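Peer 1: from the sequence below, what's the structure:
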Amino acid sequence: IRDIRGYIDRMVSLKMNTLILWNDYPPQNSRELIDYAHTYGVKVYYGFAWGWDTRFDQIDPAHTEELTEAVVREYEEKYASLGLDGIYFQSFTELNTEKIGDKLIAETVVDFVNDTAGVLLSKYPDLHIQFGLHAWSVKNHTQYIAKVDPRVFIVWENCGAFPFSYIPNDVADFGKTADFVRTLTP
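Peer 2: Numbers count the residues shown, from 1 in each chain. You can find the predicted model right below:
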């Protein structure tokens with residue numbers, strides 16, 4: 001990241017306090033970036049895939065166990081020593097279908113996320129974990145999503161109109177979006 005200070009200075013002037021970086025590898029100047037962000041109270045999270053970039057036709061326990069091992073290894077090898085405030089991930093929910101093979105994505109992703117977060121949090125109990133959850137594939141099965149480990153913070157994506165849309169003036173289905181959001185709160 002070339003202009004760390006300028007980027008963070010602009011964030012602070014806009015009253016932003018969280019920076020999530022999604023890269024295949026942490027930038028070489030990660031420590032400088034994190035230290036500078038922290039001088040302004042900006043929290044830094046690095047994002048990486050938890051099976052989000054994996055394409056498969058079936059989900060089975062052996063596969064998700066391998067994914068859990070890969071996620072833990074990636075965190076330990078690339079991120080654990082950086083002094084981050086936490087990690088952000090996406091998993092296999094960014095699909096326009098409710099199932100992979102014969103398995104409900106909502107049910108399977110919750111089991112996978114809870115297992116993986118459980119391993120990470122048993123080793124790193126102060127780790128803050130954010131889950132970028134795409135609503136497309138789980139919106140009709142939120143009873144499963146309610147079972148996500150309470151130590152994992154869900155960041156809802158693709159829930160409909162703004163503020164979930166990437167386009168700020170996308171408000172055509174705001175009523176439907178508001179109805180969906182109401183289903184997420186008790």
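Peer 1: what sits against residue 16?
Peer 2: residue 42 (Cβ atoms under 8 Å, 6 or more residues apart in numbering). Where C-beta positions appear, they are placed from N, C-alpha and C, glycine not excepted.
Peer 1: what helix or strand does it sit in?
Peer 2: Under DSSP states H and E, no helix or strand contains residue 16.
Peer 1: gap between it and residue 154?
Peer 2: 20 Å (Cβ to Cβ, to the nearest Å).
Peer 1: could you point out which element follows the lengthiest helix in the chain?
Peer 2: The single longest helix within the chain, with elements called by DSSP state H, is helix 105-123. Using DSSP H and E, the helix or strand that follows helix 105-123 towards the C-terminus is strand 128-134.
Peer 1: tilt between that next one and helix 105-123?
Peer 2: Using axes from the mean of the first three to the mean of the last three Cα atoms, to 10 degrees, the direction of strand 128-134 lies 170 degrees away from that of helix 105-123.
Peer 1: and strand 128-134, how far out from the chain's middle?
Peer 2: Using Cα atoms, centre = their mean, to the nearest Å, the mean C-alpha position of strand 128-134 is found 3 Å from that of the whole chain.
Peer 1: how about the CA coordinates for it, as PDB?
Peer 2: Taking Å, rounded to 0.1, in the frame of the first residue of the first chain, the C-alpha atoms of strand 128-134 are listed here in PDB:
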ATOM      1  CA  HIS A 128     -11.700 -10.800  16.800                       C
ATOM      2  CA  ILE A 129     -13.300 -12.500  13.800                       C
ATOM      3  CA  GLN A 130     -15.700 -10.900  11.300                       C
ATOM      4  CA  PHE A 131     -17.800 -13.100   8.900                       C
ATOM      5  CA  GLY A 132     -18.700 -11.500   5.600                       C
ATOM      6  CA  LEU A 133     -22.000 -13.400   5.100                       C
ATOM      7  CA  HIS A 134     -23.700 -13.200   1.700                       C
END
